[in-house]
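K.L.:
need coordinates for the below:
(one chain, ligands or ions: 1)
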Amino acid sequence: MQSSLRSLAHGATYPITQHLYTDPQDGSLLDVVHDLSAWHGRGEELRRLFDARLASWGPLDRSGVWRYRELVLPHVAPQHIVTRGEGNTNLYPANADLQRYTGLAALQLKHEGENPTGSFKDRGMTTGVTRAREIGATAVICASTGNTSASMTSFARMAGVQPLILFPYGKVAVGKVSQSLAYGAVSIQVRGDFDAALALVRDAAERLPVYLLNSVNPFRLEGQKSIIIEMLHQRGWRVPDWIVVPGGNLGNTSAFGKALLELREVGLIERLPRVAVIQAEGASPFAAAFRREFDHLEPMSAETVATAIRIGNPANYAKAVRTVLETEGWVTTVTDQEIMDAKAQVDLAGIGCEPASGASVAGARKLVAEGVISPAAEVVCVLTGHVLKDPQAVIDYHSAQMPAITPQFTNPMHTIEGHLEELMAFLPGATVSA
Ligand code: F0G
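P.N.:
Next up, the predicted model:
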């Protein structure tokens, strides 16, 4: 099975063995492309193969990424693979409250916060760090709003490679900072935003002996395709009408479109779902470009309570445009208020997610209200990160301490002296037995 690197802009191809992040001619994004022709028309065989692996304890079969290795990175030699059994995340049916909140009767939540380090990034890091090993890198680097860095550090440690991470100053959620320190990254705050930190690491990766693991690295996105592959496997390959995902640097958006086109190519699915990308209003250059029919990307200075997606100059713009056009998708924005209230609804369902993930549910709700998504549609919202990633946001929301947000679903903390009688106030109508 042949794989290669192909320029998105003009189709030039390069050998998979060549160490490239972007096209050497003009800096445009590269795809890792696989010659899947040997699998054409063999969808049924692939289904049986993937089903059979569910009964295996083999580390690659157990990984929700490498289980689908024929479609992910078929060329990789098993001895290079660094895996934590990532993926295998739940696809929850929405409860009655979430159905009512969104206006969707057939809503499911794909919870990528259930990955080993608590975000979807593990799916791209198992492939990214595997690639780092394959090419013999000794140090890896990324700029991050916190999840990429936590994930990269964990996988780099497992691989015995040095992790170096750059954070936007003071804008990373505490759960994520602690993970990076705990796993042992060289952790550096840059006096600037994520976009500035990303520009710096891209420059560093060209001129210093460090391997770049931001999502401009196409090997990351090959792993992230497995969110879609695994979700469809869980649904018995029944295609939903819509997939709704938060958009920041637009790596997931890009990976989703590529996955869907490849799944259709090999006959695992017959039609494409529509992909809706949701951005925070204060960090929404992709939504603005969508409204202008993708004439060009206008970078902006980003601000949002959902720090994970506080990004104004998304690196994967061109690939994300392809996803939206190919799937007849949609892009919209939600306010910080809508993000936090939707997150609270997901939390109250007992599922929990971080603020950026709330954007997908808030966005689905908005698109139903606007008539873009039908209330009868089958919809999968992707939750990208775990509820414990940003504990400060939870406490601030429930104690009504968030600037400019009036929380709609607060659950305040109570304090008592410690007498049984005091509990009566919390159990209306109860009597104390002898
Ligand atoms: N949700 C969460 C929880 C994230 O951490 C990110 C990105 C996104 C959504 C957006 O995904 O970039 O693929 O559009 N976090 C990156 C990081 C930027 O550094 O952890 P995207």
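K.L.:
and L181, how many neighbours does it have?
P.N.:
13 (other CB atoms under 10 Å). Just so you know, the C-beta spots here come from the backbone N, C-alpha and C atoms, and that holds for glycine as well.
K.L.:
if the nearest residue to it once chain neighbours are set aside is in a bridge, with which residues?
P.N.:
Closest residue in space to L181, ignoring its immediate chain neighbours: S187 at 5.9 Å, by CB to CB, 6 or more residues apart in numbering. Taking DSSP bridges as the rule, S187 bridges to I165.
K.L.:
hang on, S187 packs against S178?
P.N.:
No: counting by CB atoms under 8 Å, S187 stays clear of S178, with 10.3 Å between them.
K.L.:
more neighbours, these two?
P.N.:
Set S187 next to S178 and count neighbours by other CB under 10 Å: S187 wins out with 18 against 15.
K.L.:
could I get the pLDDT score of the more buried one?
P.N.:
Per-residue confidence (pLDDT) for S187: 98.
K.L.:
got the contact list for K110?
P.N.:
89-91, 227, 231, 380-383 (CB atoms under 8 Å, 6 or more residues apart in numbering).
K.L.:
so where do the strands sit in the stretch 1-150 of the chain?
P.N.:
In the stretch 1-150 of the chain, the strands defined using DSSP state E, counting those that start in this stretch lie at 3-7, 13-15, 30-34, 91-93, 106-111, 139-143.
K.L.:
quick one: which of the ones you listed is nearest the ligand?
P.N.:
The ligand lies closest to strand 139-143 among the strands of the stretch 1-150 of the chain, at 6.9 Å (CB to the nearest ligand atom).
K.L.:
show me what counts as buried in the closest one.
P.N.:
140-143 (16 or more other CB atoms under 10 Å).
K.L.:
okay, now the sheet partners of it, with direction.
P.N.:
Note on strand 139-143: by DSSP bridges, its sheet partners are strand 162-168 (parallel), strand 211-212 (parallel).
K.L.:
does it reach the ligand?
P.N.:
No: applying CB under 6 Å from any ligand atom, one finds strand 139-143 separated from the ligand by no less than 6.9 Å.
K.L.:
take the strands paired with strand 139-143 and lay them out in a markdown table including mean neighbour count.
P.N.:
Listed next are those as a markdown table, based on neighbours: other CB atoms under 10 Å:
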| stretch | mean neighbour count |
| --- | --- |
| strand 162-168 | 23 |
| strand 211-212 | 24 |
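K.L.:
pipe the ones you listed into CSV and attach distance to A255 and mean pLDDT per row.
P.N.:
Below are these laid out as CSV (distance: least, CB to CB, whole Å; pLDDT from 0 to 100):
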stretch, distance to A255, mean pLDDT
strand 162-168, 21, 98
strand 211-212, 17, 98
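K.L.:
show me where the stretch 301-434 of the chain has its helices.
P.N.:
Under the criterion DSSP state H, counting those that start in this stretch, the stretch 301-434 of the chain contains helices at 317-326, 336-348, 355-369, 391-398.
K.L.:
repeat that for the stretch 51-200 of the chain.
P.N.:
59-62, 96-102, 121-134, 147-159, 174-183, 194-207.
K.L.:
how about residues contacting the last one?
P.N.:
Put plainly, it is helix 194-207. Taking CB under 8 Å, 6+ apart as the rule, helix 194-207 contacts 21, 141-145, 166-168, 171, 190, 210-212, 214, 216, 249, 299, 302, 310-313, 315.
K.L.:
how distant is that helix from the center of its chain?
P.N.:
21 Å (CA atoms, centre = their mean, to the nearest Å).
K.L.:
mind listing what's buried in it?
P.N.:
Quick answer for helix 194-207 (16+ other CB under 10 Å): 194-198, 200-202, 204-205.
K.L.:
make a markdown table out of those residues and add distance to the ligand and pLDDT.
P.N.:
A markdown table is the format used below for the buried residues of helix 194-207 (distance: CB to the nearest ligand atom, whole Å; pLDDT from 0 to 100):
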| residue | distance to the ligand | pLDDT |
| --- | --- | --- |
| F194 | 6 | 97 |
| D195 | 10 | 97 |
| A196 | 13 | 97 |
| A197 | 9 | 98 |
| L198 | 9 | 97 |
| L200 | 14 | 98 |
| V201 | 11 | 98 |
| R202 | 14 | 97 |
| A204 | 16 | 97 |
| A205 | 15 | 97 |
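K.L.:
redo those residues as CSV? Include distance to I373.
P.N.:
Shown next, in CSV, are the buried residues of helix 194-207 (distance: CB to CB, whole Å):
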residue, distance to I373
F194, 30
D195, 31
A196, 36
A197, 35
L198, 32
L200, 39
V201, 37
R202, 36
A204, 42
A205, 39
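K.L.:
between these, which is closest to Q79?
P.N.:
Q79 has its nearest neighbour among these in A205, at 25.0 Å by CB to CB.
K.L.:
dump the residue contacts of D295.
P.N.:
A289.
K.L.:
measure it to A302 for me?
P.N.:
Taking CB to CB, to the nearest Å as the measure, D295 and A302 are separated by 20 Å.
K.L.:
which positions in the stretch 51-200 of the chain make contact with the ligand?
P.N.:
119, 121, 144-148.
K.L.:
swap in 5 Å and give it another go.
P.N.:
With CB under 5 Å from any ligand atom as the criterion, the stretch 51-200 of the chain meets the ligand at residues 144-145, 147-148.
K.L.:
L36 against V266, yeah?
P.N.:
Yes: look at L36 against V266 with CB under 8 Å: they come within range, at 5.5 Å.
K.L.:
spit out the residues that contact the two alike.
P.N.:
What both L36 and V266 touch, as defined by CB under 8 Å, 6+ apart, is the set L71.
K.L.:
endpoints of stretch 219-232, how far apart?
P.N.:
Chord length of stretch 219-232, first to last residue, is 21 Å (CA to CA, to the nearest Å).
K.L.:
just how off-centre is it within its chain?
P.N.:
Worked out by CA atoms, centre = their mean, stretch 219-232 lies 10 Å from the chain centre.
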